[in-house]
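Chemist: Sharing a sequence plus its predicted fold:
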Amino acid sequence: MKARPVGFDDSDVVRALADGWGIDASADYAAVGFGSFHWVATSRDGQRIFVTVDDLGDKVWLGDTAQVAFAGLRKAFDVVVTLRDRTGLDFVLAPLPSIDGESVRRVGQRHSIAVFPFVDGEAGGFGEDISSEQRAETVRLLARLHETTPTVPDLPPPLALGFAGRPGLEAAMQEVDRAWTGGPFAEAARAWLAGNAGDLRRRLDDFDQVVRAVVAAQETPVITHGEPHPGNIMRSNGNLLLIDWDTVALAPPERDLWLVATGSGEEVALYEDATGRKVSSAAMSLYSQAWGLADIASYIDQFRSPHARTADTEDAWTYLEGALTG
């Protein structure tokens, strides 16, 4: 994120590292990524660590309250720690445990903090074009991840086949005839939603039809990363790492594959050869549609809620304006 989180600063990071991890360090804000807030901390002996802070009110796919979202985030990170420590998946970048063995800690009523190894490497960007070789390498990593599912204990229930934020989006669609007062983009967002309501409703109906088809197919779920796009893939010392695991969940494998596969069919064939599992075109469509609808729901919720004009909200408005053009 470009803007810093409201009500959380460098001193809060320093204090949380000392209290939770016993690390005496300085911390510098890193304006990278989207959705979470990051710092690079340097301990007194010169060791660097990567710190992630989340506003629990923004984790709608994990829960509709801060308490529920934190429980979901802790469960997700616990699974990731298990993947790193018990399955031999060396491409999993998992959090470092706190003094008490926690994968993530609560900080106040609103935020959470997790600590990761600092890795020298280069990550891509969302939507960035990548080579066919890297796509194939990513598919092989995902196949390895999915195949570990039977060996991982205490997995959460499978993820529902839907998209995060749908109740809020549908509520907003019923409220376009009254003023929105959340901030500078509120009325523009209301006008956008009112003008696109018919198209959006058709997309929701189409999405529901695809969901019914996937449910009828009764796919066996696997451990999925959820967002293996180039922005969550880092190359370090010649190897690929998967980062940002707060979306890990049990789901059909297409939840990951649709972000990697191209129209050539090469990636799908590679995955099917590696796993012996047939890829569902309906499920690929489901997750492609879910991604776009969840983005719209997130932006609408952001602009209905109290907000200011920042680099991040300006980016969000740009994305919302083009959300139905694809």
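Modeler: Noted; the coordinates are in hand.
Chemist: who's in contact with V13?
Modeler: 27, 39, 41, 51, 53, 113 (C-beta atoms under 8 Å, 6 or more residues apart in numbering). The way it works is simple: take the backbone N, C-alpha and C, and place the C-beta from them, glycine included.
Chemist: So it, which state does it fall into?
Modeler: helix (DSSP: H, G, I helix; E, B strand; the rest coil).
Chemist: Compute the distance between it and L56, please.
Modeler: Distance from V13 to L56, counting by C-beta to C-beta, to the nearest Å: 16 Å.
Chemist: same deal with F207?
Modeler: In terms of C-beta to C-beta, F207 sits 27 Å off from L56.
Chemist: longest helix anywhere in the protein?
Modeler: Ranked by residue count, the top helix of the chain under DSSP state H comes out as helix 281-304.
Chemist: gap between that helix and the chain center?
Modeler: 12 Å (C-alpha atoms, centre = their mean, to the nearest Å).
Chemist: Quick one: name whatever helix or strand follows that helix.
Modeler: helix 311-321 (DSSP states H and E).
Chemist: tilt between that next one and helix 281-304?
Modeler: 130 degrees (axes from the mean of the first three to the mean of the last three C-alpha atoms, to 10 degrees).
Chemist: who touches stretch 49-56?
Modeler: 5-6, 8, 13, 17, 23, 25, 27, 36-41, 43, 66, 69-70, 73, 96, 107, 110-119, 246.
Chemist: how far does it sit from the chain's center?
Modeler: So, by C-alpha atoms, centre = their mean, the centroid of stretch 49-56 is 13 Å from its chain's centroid.
Chemist: Show me what the mean pLDDT comes to for it.
Modeler: Stretch 49-56 shows a mean pLDDT of 94.
Chemist: and what of stretch 193-206?
Modeler: 96.
Chemist: for it, which positions count as buried?
Modeler: Of all the residues in stretch 193-206, those buried under the rule 16 or more other C-beta atoms under 10 Å are 193, 196, 200, 203-204.
Chemist: Over to stretch 98-109?
Modeler: So for stretch 98-109, counting by 16+ other C-beta under 10 Å, buried means 98, 102-107.
Chemist: re earlier: so which other helices or strands are in contact with the longest helix of the chain?
Modeler: helix 166-173, helix 186-195, helix 197-217, helix 254-257, helix 311-321 (3 or more C-beta pairs under 8 Å, 6 or more residues apart in numbering; DSSP states H and E).
Chemist: quick one on the thing from earlier: the more surrounded of F207 and L56?
Modeler: L56 (23 against 20; other C-beta atoms under 10 Å).
Chemist: Can you check my assumption that V40 lies in a strand?
Modeler: Yes: with three-state DSSP as the criterion, V40 is part of a strand.
Chemist: Correct me if wrong: it contacts A25.
Modeler: No: in terms of C-beta atoms under 8 Å, V40 does not count as a neighbour of A25; the distance is 9.7 Å.
Chemist: Who has more neighbours out of these two?
Modeler: Counted by other C-beta under 10 Å, V40 and A25 do not tie: A25 has more neighbours, with 21 against 16.
Chemist: does that one have beta-bridge partners, and which?
Modeler: S43 (DSSP bridges).
Chemist: and the gap between it and L320?
Modeler: Taken as C-beta to C-beta, the span from A25 to L320 is 38 Å.
Chemist: rewinding a little: I'd like the buried residues of stretch 193-206 as CSV, with distance to A316 appended.
Modeler: Output for the buried residues of stretch 193-206, formatted as CSV (distance: C-beta to C-beta, whole Å):
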residue, distance to A316
L193, 14
N196, 16
L200, 17
R203, 19
L204, 21
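Chemist: Of those residues, which is the nearest to D129?
Modeler: Nearest to D129, judged by C-beta to C-beta, of the buried residues of stretch 193-206 is R203 at 25.9 Å.
Chemist: Hmm, Q289 and that closest one touching each other?
Modeler: Yes: the pair R203 / Q289 is scored as a contact, 7.1 Å apart, by C-beta under 8 Å.
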